[in-house]
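S.K.: When you get a sec, could you give me coordinates for this:
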Amino acid sequence: SNLGNVLHEQGRLTEADACYLRALELNPGHADAHSNQGVVRKEQNRLIEAKACYRRALELKPDYAEAHQNLATLLAYLSDFEQVAAESDTALRLKPDGTIIWNQRLYAYSYHPDLSAEQIYAEFVRWGDRFPDPALDFSSHDRSPGRRLRVGYVSPDFRRHTSRFFFWPLFANHDHAAVELYAYANVKLEDDYTGKFKELFDHWRNIRGVVDSDVAEQVRADGIDILVDCCNHMRDDRLGVFTLKPAPIQVTWLGAAWTTGLKMVDYALIDPYMAPEGTLARETIVRLPHFFVAYQPPEETAEIAPPPCLKNGYPTFGYSGRTERLNHRTFRVWGEILKRLPTARLILDFGPFADPPTQAHYRQFMSRHGVDTSRVIMRKSANIFAGLNDIDILLDCFPHSGGTMLFDALWMGVPALTLASRPPVGRIGTSLMTNLGLPEWVAQSEEDYIDKACAFAQDPHTLAALRAGMRERMRNSPVMDGAGFARGVEAAYREMFEKWARG
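M.R.: Down below sits the predicted model:
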């Protein structure tokens, strides 16, 4: 079982699974092996099998806190949120200070379709309030106005991760006369992109496996003015460093694109469309001029094809993002769209949709919420960009909007229909389509979403024109203006620093 844990840590999932199977042959009542096997099978996109593993672990050990939270997270991955809060509450009652339990709880809550922004925000604050106020002394810190700022970025994702599409336009366009860049890299397995990122920074610190207090000492020794969290509560975050407030100004950006819940983090970089007045955050929201990121597409993608409706004679909707962003509400709405358009199809294209038991779960789940599953194709494309050529219109999820999925689709010319939902993370698509000059693709209610989907699907000439011109539209918009984005971020940093320096 321990060998399985090590292999899992190395990303060798098939070998890890074999170790857990052997452990359970030797000891069928080994609750840890059942639960850990569930974690591996979840990462293999075998979601129904993972669920059975967690259930068995809890049969053997009902007070197993981590297994309760694993089950809660897995239910979110299955888009079934009915018992997510209850299972997570049980985990927290059994282990109130469990770091991983809290991390997964906040992640699952962010996607919960039946909780308000206020309820979700309260959980982030509840987590953040567990940390004592750190002892602060920045009396010797250089407050000289106009000097070059020392900015540190903290992330586990300086690697071949989807964050690179948004890191690169900022880091590559930073003005090194204005900012001296430090990377605090919590990278698990370095790759070719790690090497490329190293070239963009003035200083590189490897903090993987280094305890929070020692990282904080390094940040202080480096004299960092502004420390930026680029992960939030996603996997392998280092928010523990931020609880120690090693830099006079602390910021969160990208990652989960919302609040950290920490009073020690001063600012959150978002934008005006994602974060209208009244948006909740523990931090002070800084609204960047246009968009909260800039996008750099992959070096190689498939060629754009005409909308498939032109050859098929019927519209094809699609979704190509994570399953935890789906829920009973999205399926009800998508089911209504298919009812109104009797020839339309829906493609669900992501890892778990290629797993037969998980497919069976989704067919039952969707049927319960009014989706004609005979017109739903579930798959995992070997090349998602080529797979997007089979889709006429991408359907964004809600109340949590999609992320990289939206950019991938638009880069392939596929317009995305989005719903202006729970700010800020329910409005990523709203901001994206508005910045592209396509506000008509933003629905204001679920019924408006259904109406717009049906109207756009019956206008193939507009779809063809949009598809043909989408890449040029993206290049000429704030969405791909890396230099302009970097100037906006640097202006925000300068304002933060000068405000702090004035006391």
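S.K.: the strands in the chain, which residues?
M.R.: Shown for the chain, the strands assigned by DSSP state E span residues 149-155, 179-185, 203-206, 226-229, 249-252, 267-270, 284-287, 316-319, 345-349, 376-379, 393-395, 416-419, 442-443.
S.K.: Using CSV, write out the CA atom coordinates for the fifth one.
M.R.: Backbone C-alpha positions of strand 249-252 (Å, rounded to 0.1, in the frame of the first residue of the first chain) are rendered in CSV as follows:
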residue,chain,number,x,y,z
ILE,A,249,2.0,43.3,-0.1
GLN,A,250,0.4,40.0,-1.0
VAL,A,251,-1.8,39.3,-4.0
THR,A,252,-3.8,36.4,-5.5
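S.K.: partner strands of it, parallel or antiparallel?
M.R.: Strand 249-252 has these partner strands in its sheet, going by DSSP bridges: strand 226-229 (parallel), strand 267-270 (parallel).
S.K.: buried ones in it?
M.R.: 249-252 (16 or more other C-beta atoms under 10 Å). For every residue, glycine as well, the C-beta is placed using N, CA and C.
S.K.: so what's the residue nearest the centre of the chain closest to, chain neighbours aside?
M.R.: In the chain, the residue lying closest to the centroid (C-alpha atoms, centre = their mean) is residue 256, at 5.1 Å. Sequence neighbours aside, residue 232 is the residue nearest to residue 256 in space, at 3.7 Å (criterion: C-beta to C-beta, 6 or more residues apart in numbering).
S.K.: and that neighbour, how many neighbours does it have?
M.R.: Using other C-beta atoms under 10 Å, residue 232 is surrounded by 23 other residues.
S.K.: In the stretch 151-300 of the chain, mark out all the helices, start to finish.
M.R.: 164-171, 192-198, 212-221, 239-242 (DSSP state H, counting those that start in this stretch).
S.K.: Pick the most buried one from these.
M.R.: helix 239-242 (a mean of 24; mean count of other C-beta atoms under 10 Å).
S.K.: what does that one rub up against?
M.R.: Under the contact criterion C-beta atoms under 8 Å, 6 or more residues apart in numbering, helix 239-242 has outside partners 154, 184, 207, 212, 215-216, 219, 227, 229, 231-233, 250, 260, 262, 264-265.
S.K.: Now it - C-alpha only, CSV.
M.R.: This file holds the C-alpha atoms of helix 239-242, laid out as CSV (Å, rounded to 0.1, in the frame of the first residue of the first chain):
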residue,chain,number,x,y,z
LEU,A,239,-1.0,29.4,0.9
GLY,A,240,0.6,28.4,4.1
VAL,A,241,3.5,30.7,3.2
PHE,A,242,1.0,33.6,2.7
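S.K.: Quick one: mean pLDDT for that helix?
M.R.: Average pLDDT, helix 239-242: 98.
S.K.: Show me the shaky parts of the stretch 301-450 of the chain.
M.R.: For the stretch 301-450 of the chain, no stretch is flagged by pLDDT under 70.
S.K.: would you list every one of the helices in it?
M.R.: Counting by DSSP H, counting those that start in this stretch, the helices of the stretch 301-450 of the chain are 309-312, 328-340, 356-368, 384-387, 404-411, 428-435, 446-457.
S.K.: Could you count how many residues lie near the nearest residue to residue 4 once chain neighbours are set aside?
M.R.: Distances taken as C-beta to C-beta, 6+ apart put residue 19 closest to residue 4, at 3.4 Å, once the chain neighbours are dropped. Neighbour count of residue 19, defined by other C-beta under 10 Å: 22.
S.K.: Likewise for residue 386?
M.R.: Neighbour number of residue 386 under other C-beta under 10 Å is 14.
S.K.: Run a quick neighbour tally on the closest residue in space to it that isn't next to it in sequence.
M.R.: Distances taken as C-beta to C-beta, 6+ apart put residue 302 closest to residue 386, at 4.1 Å, once the chain neighbours are dropped. For residue 302, the count of nearby residues is 15 (other C-beta under 10 Å).
S.K.: Repeat that for residue 146.
M.R.: 9.
S.K.: which helix in this protein runs the most residues?
M.R.: Ranked by residue count, the top helix of the chain under DSSP state H comes out as helix 482-501.
S.K.: Please spell out which residues along that one are buried.
M.R.: So for helix 482-501, counting by 16+ other C-beta under 10 Å, buried means 482, 484-490, 492-494, 496-497, 500-501.
S.K.: just checking, residue 163 touches residue 232?
M.R.: No: here residue 163 does not reach residue 232: they are 11.3 Å apart, not a contact under C-beta atoms under 8 Å.
S.K.: Quickly list what's touching both of the two.
M.R.: By C-beta under 8 Å, 6+ apart, the residues touching both residue 163 and residue 232 are residue 254.
S.K.: distance between the ends of stretch 280-298?
M.R.: 33 Å (C-alpha to C-alpha, to the nearest Å).
S.K.: Average pLDDT for it, rounded please.
M.R.: pLDDT averaged over stretch 280-298 gives 97.
S.K.: need the contact list for the residue nearest to residue 361 when sequence neighbours are not counted.
M.R.: Excluding the flanking residues, the one nearest residue 361 by C-beta to C-beta, 6+ apart is residue 48, at 5.6 Å. When contacts are counted by C-beta under 8 Å, 6+ apart, residue 48 touches 78, 355, 357-358, 360-361.
S.K.: Check residue 15 too.
M.R.: Residues near residue 15 by C-beta under 8 Å, 6+ apart: residue 7.
S.K.: Show the pLDDT at residue 179.
M.R.: pLDDT, residue 179: 98.
S.K.: Just grab the bridge partners of it for me.
M.R.: residue 149.
S.K.: and if you look at the one 5 residues further on?
M.R.: Beta-bridge pairing of residue 184, defined through DSSP bridges, involves residue 154, residue 205.
S.K.: circling back to that earlier point, can you list the contacts of residue 48 in JSON lines and add neighbour count?
M.R.: Converted to JSON lines, those look like this (neighbours: other C-beta atoms under 10 Å):
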{"residue": "78", "neighbour count": "22"}
{"residue": "355", "neighbour count": "20"}
{"residue": "357", "neighbour count": "13"}
{"residue": "358", "neighbour count": "23"}
{"residue": "360", "neighbour count": "12"}
{"residue": "361", "neighbour count": "18"}
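S.K.: would you list those residues in a markdown table and tack on distance to residue 65?
M.R.: Compiled in a markdown table, the contacts of residue 48 are given as follows (distance: C-beta to C-beta, whole Å):
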| residue | distance to residue 65 |
| --- | --- |
| 78 | 21 |
| 355 | 27 |
| 357 | 27 |
| 358 | 26 |
| 360 | 30 |
| 361 | 25 |
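S.K.: Out of those, the closest to residue 119 would be?
M.R.: Closest approach between these and residue 119, by C-beta to C-beta: residue 78, at 21.4 Å.
S.K.: what's the distance between that closest one and residue 327?
M.R.: 10 Å (C-beta to C-beta, to the nearest Å).
S.K.: Leaving out chain neighbours, which residue sits closest to residue 117?
M.R.: Using C-beta to C-beta, 6+ apart, the closest residue to residue 117 is residue 422 (4.8 Å).
S.K.: Pull the number of nearby residues for that neighbour.
M.R.: Neighbours of residue 422 (other C-beta under 10 Å): 23.
S.K.: Equivalent analysis for the one 10 residues further on, please.
M.R.: Residue neighbour count, defined by other C-beta under 10 Å, stands at 32 for residue 432.
S.K.: mind listing what residue 438 touches?
M.R.: Contacts of residue 438 by C-beta under 8 Å, 6+ apart are 415, 466.
S.K.: Check whether residue 264 really touches residue 245, as I assumed.
M.R.: Yes: here residue 264 lies in contact with residue 245, judged by C-beta under 8 Å, at a distance of 4.6 Å.
S.K.: Having no further points to raise, I will conclude here.
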